[in-house]
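> model this:
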Amino acid sequence: MNSPVRFYQNIPNLLTLMNLCSGFISIVFVFFRNLEAAAIFIIIASIFDFFDGFTARILKATSEKGKILDSISDVVSFGVAPAALIFLIVEFSLSGFHSDFNFNSASFTDLLFLFSPMIFLVASAWRLAEFTVQKNSLVFNGLPTPPASLFFAGLALIISSPDESKISDLLLELYFIIPACLLISFMMISKIRFISLKFKEPGFRKNILQYTMIFISIIL
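Purely as a prediction, here's the structure:
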């Protein structure tokens, strides 16, 4: 009698693990210098991340274990994976798409640029640690890690698109990538308030801000 209940209660955790696996696959594609695929799997991870919390609230299957598992998965999918993605973008900026970065002849400044995404990694880990101890709220203090990661995933898709060569050249400039990385990292650990897309109830009136943001995002 208890097995069906236990199965349904673990659906959110299974979605969280799919988020974790998507983040891992994204990192693997970075190893193969596949910018587009790495970005796509960060997007897939964000979809799983949205639905694990959504299903947990619908099924009333929230737990401390699930919350910790979610944070661990998010560190990989929205910390390590996007940091590796930014690393690859910076590498392409320094060496180009069709040549490998030469560490032996690299200057100290180039190495600083190349490993600057560690700032994003540290900020995302700090942000997730803060989120883990916070109570559930319809407002976030600091930019959540999924939209921060989606920003760079979107940049990667534009850069890897052959139809956007002029924009790609602009986005590959270090004077754009590095400040963007620093700004997004600061926004994650800041106390700036951001609206949450959590739905405590499915009704429109009580979630008008959330539905409005989703509608505008789809249009954009």
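
> hey, where'd the helices end up in the chain?
If DSSP state H is used as the criterion, the helices of the chain fall at 2-9, 11-31, 35-58, 64-75, 81-95, 108-114, 117-133, 145-159, 165-171, 174-189, 208-219.

> buried ones in the third one?
Of the residues in helix 35-58, those buried by neighbour count under the rule 16 or more other C-beta atoms under 10 Å are 35, 37-46, 48-49, 51-53, 55-56. C-beta coordinates here come from the backbone N, C-alpha and C atoms, glycine included.

> do the same with the last one
The neighbour-count criterion (16+ other C-beta under 10 Å) identifies residue 210 as the buried residues of helix 208-219.

> cool, and the fifth one?
Buried residues in helix 81-95, defined by neighbour count with 16+ other C-beta under 10 Å: 81-94.

> what angle sits between that helix and helix 35-58?
With axes from the mean of the first three to the mean of the last three C-alpha atoms, to 10 degrees defining the directions, helix 81-95 sits at 160 degrees from helix 35-58.

> what's the answer for the fourth one, then?
Relative orientation of helix 64-75 with respect to helix 35-58: 160 degrees, computed using the same axes, to 10 degrees.

> Any chance of the helices of the chain in a markdown table with distance to residue 102 and mean pLDDT as columns?
What follows is those, written out as a markdown table (distance: least, C-beta to C-beta, whole Å; pLDDT from 0 to 100):
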| stretch | distance to residue 102 | mean pLDDT |
| --- | --- | --- |
| helix 2-9 | 52 | 60 |
| helix 11-31 | 18 | 95 |
| helix 35-58 | 19 | 90 |
| helix 64-75 | 31 | 88 |
| helix 81-95 | 7 | 94 |
| helix 108-114 | 9 | 90 |
| helix 117-133 | 19 | 90 |
| helix 145-159 | 21 | 94 |
| helix 165-171 | 22 | 80 |
| helix 174-189 | 17 | 95 |
| helix 208-219 | 40 | 78 |
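
> With distance to residue 139 added, can I get those in a markdown table?
Rendered in a markdown table, the data for the helices of the chain read as follows (distance: least, C-beta to C-beta, whole Å):
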| stretch | distance to residue 139 |
| --- | --- |
| helix 2-9 | 28 |
| helix 11-31 | 22 |
| helix 35-58 | 15 |
| helix 64-75 | 18 |
| helix 81-95 | 23 |
| helix 108-114 | 35 |
| helix 117-133 | 12 |
| helix 145-159 | 14 |
| helix 165-171 | 31 |
| helix 174-189 | 15 |
| helix 208-219 | 10 |
